[in-house]
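In: give me a model of this one.
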Amino acid sequence: MKKDRLKNGQSKIQMEVKKAVAIKEQLIKRKNAENAKCSRVIQDILNHGKVMKSDIDKYIKELKDEVDENLKTIFKSIDTDLSIVSKSMKYSNEKNTEVEGLIKSTEVANFFSDVRRMEKSMEVPVPKTQSTYNSIPNFVPREITQSNIGVLQSEESPEELTVAFNIIQEYQTKLSAITDIVPCVDNSVWIYSYLDSCMANAIPAGKELKVLKSKFNMKVYGIVITTSNNILLSNGTSRLSRLQQLNKTNGNISNTVYNVSPLGPTCIYITSGNKVIVGGYHDKLGRAVFVMNEKGDHETVYEHDKHNQPIFTYPRSITSTSNGNIHVVDRDHGEEGRVVVLTTGSDVINSYKGHPEINKIIPFKPARIVTTPRDNVIVTDLDTDIIHILDSKGNLVSWYNTADIGIYYPYSLAFTPTGQLYIGCGRQASSTVKDAKIYEVTCSGC
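Out: Below is the predicted model of the structure:
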């Protein structure tokens, strides 16, 4: 009986050994398959690199040929004028020689008749040349990032987010547009309208916003509230390189330690770790994004990429995600734009330029950007009623048409301390009505 039990136990052991052997074989096969796949993927990357290099060489040659053709055209116009000037100089020299001969002449008999003839033809016409000439155009290199070369993607496609927005409350204002909105812990909000140069502190009261205080004739490019409940501004009226602080009690404005000299500050963002991130711009001196500590020391400055080319055209709005990635809305006034994604101490890792279908006809013009409680990023898009939803690396995961729930021209975005989303609206470019609305909404899935 003991031996039978041992035999039964041995059978189970042998069965487990067979299972283990089968699993081992599967793992070895998987390992070999992954090794072969690795070689194949690397070869695909190298082949793609060769194709891209060939295309780049082709485009570089086309650009070079275009520059050569421009040079030929320019030289042709200059050579034409050089020929005119040379002929004029030759004629002038001939006339000068004749005059010089007459001055030195001792032939009295013919002198006066020759002088009379010369006086009638002494005027040398000014050569007529072009007032301006074309010039060789400058070369403006385009940004090369991993995302427009190719990315590694899992065979399992990431599941697209299903998002929904629901309006909790609608607030009417007497402003042309709500270009910035900042909720406070006391349930009030600071709002700013660039079109009206007006900044106000208000508190929701029914369907209205009861204005507690307001400040007019201010050009503000960015506004945030610190963890100590202070208000930081990038004040366009003062044309300073420093951020300024607004005293909520008396409305006085003072300078802070946050300096982006020689540029002027644009957008502002404060991270959960109290880092102050500021966009800087100057039409001649450049544009950059500065990461500063509480003392105002510059810890990181993002200005040029690894090819020493400028990263930004005009930093317009900033946010960051928990992995440390900084997302910057980069768009010059009136132009199409993008969302630039930066990694701490590194180069640009992504550049989102809009939805291929939504922005196929209407260019992507991002306005404001904010991070959601789920660590995604949502962006408003001018000229559409679309909110684009990106992951922490700047990849599109979903989008939402706010017109479906009656919100038109969404512009500014801000989450309240309790997790609701404020959407401040703009207006049609041709409109002059001052009735911009603010919506308090819940957003699920994003």
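
In: centroid-nearest residue for the chain?
Out: Asp330 (1.8 Å; Cα atoms, centre = their mean).

In: where's it relative to Phe312, distance?
Out: For Asp330, the distance to Phe312 (Cβ to Cβ, to the nearest Å) stands at 5 Å. Placement of C-beta: from N, CA and C, glycine included.

In: intersection of neighbour lists for these two?
Out: Listed contacts common to Asp330 and Phe312 are Val340; contacts here mean Cβ atoms under 8 Å, 6 or more residues apart in numbering.

In: could I get the phi/psi values of the residue lying farthest from the centre of the chain?
Out: Within the chain, Ala109 marks the point farthest from the mean C-alpha position, 84.5 Å out by Cα atoms, centre = their mean. The phi/psi pair for Ala109 (degrees, to the nearest 10) reads phi -60, psi -40.

In: what does the one 5 residues further on give?
Out: When quoted as degrees, to the nearest 10, the phi and psi of Asp114 stand at phi -70, psi -40.

In: show me which residues of the strand or helix carrying Ser113 are buried.
Out: Per DSSP states H and E: Ser113 is located in helix 108-120. Buried residues in helix 108-120, counted by 16 or more other Cβ atoms under 10 Å: none are found.

In: where's it relative to the chain centroid, distance-wise?
Out: How far helix 108-120 lies from its chain's middle: 76 Å, per Cα atoms, centre = their mean, to the nearest Å.

In: for stretch 245-255, same thing?
Out: Worked out by Cα atoms, centre = their mean, stretch 245-255 lies 31 Å from the chain centre.

In: and for it, what's in contact with it?
Out: Counting by Cβ under 8 Å, 6+ apart, stretch 245-255 makes contact with 201, 213, 215, 230-233, 235, 238, 240, 242-244, 256, all of which sit outside it.

In: which strands or helices does the longest helix along the chain pack on?
Out: Ranked by residue count under DSSP state H, the longest helix found in the chain is helix 2-104. Judged by 3 or more Cβ pairs under 8 Å, 6 or more residues apart in numbering; DSSP states H and E, the packing partners of helix 2-104 are helix 108-120.

In: excluding its backbone neighbours, what's nearest Val339?
Out: Using Cβ to Cβ, 6 or more residues apart in numbering and skipping residues adjacent in sequence, the residue nearest Val339 is Tyr352, 4.3 Å away.

In: in the sheet, who's paired with Arg242?
Out: Taking DSSP bridges as the rule, Arg242 bridges to Asn259.

In: which ones are touching it?
Out: By Cβ under 8 Å, 6+ apart, the contact set of Arg242 is Asn255, Thr256, Val257, Tyr258, Asn259, Val260, Ser261, Pro265.

In: let's go with 10 Å and repeat that
Out: Contact analysis of Arg242 by Cβ atoms under 10 Å, 6 or more residues apart in numbering lists 234-235, 254-261, 264-265, 278, 296.

In: got a list of what Thr173 touches?
Out: Per Cβ under 10 Å, 6+ apart, neighbours of Thr173: 191, 193, 196, 198, 200, 202, 208-209, 211, 424-425, 434-438.

In: and it, how far is that from Ser197?
Out: 15 Å.

In: likewise Val108?
Out: 86 Å.

In: also Lys90?
Out: With Cβ to Cβ as the criterion, Lys90 and Ser197 are 65 Å apart.

In: more neighbours: which of these two?
Out: Set Lys90 next to Ser197 and count neighbours by other Cβ atoms under 10 Å: Ser197 wins out with 15 against 10.

In: for beta bridges, what are the partners of the closest residue to Leu396 other than its chain neighbours?
Out: For Leu396, ignoring the flanking residues on the chain, the nearest one in space by Cβ to Cβ, 6+ apart is Leu390 at 5.8 Å. Beta-bridge pairing of Leu390 under DSSP bridges involves Val377, Leu396.

In: I figured Leu390 hits Asp381, correct?
Out: No - with contact defined as Cβ atoms under 10 Å, Leu390 does not count as touching Asp381 (12.0 Å).

In: what do the two both touch?
Out: Shared contacts of Leu390 and Asp381, defined by Cβ under 10 Å, 6+ apart, are found at Trp399.

In: how close does Lys207 sit to Ser176?
Out: Separation of Lys207 from Ser176 (Cβ to Cβ): 19 Å.
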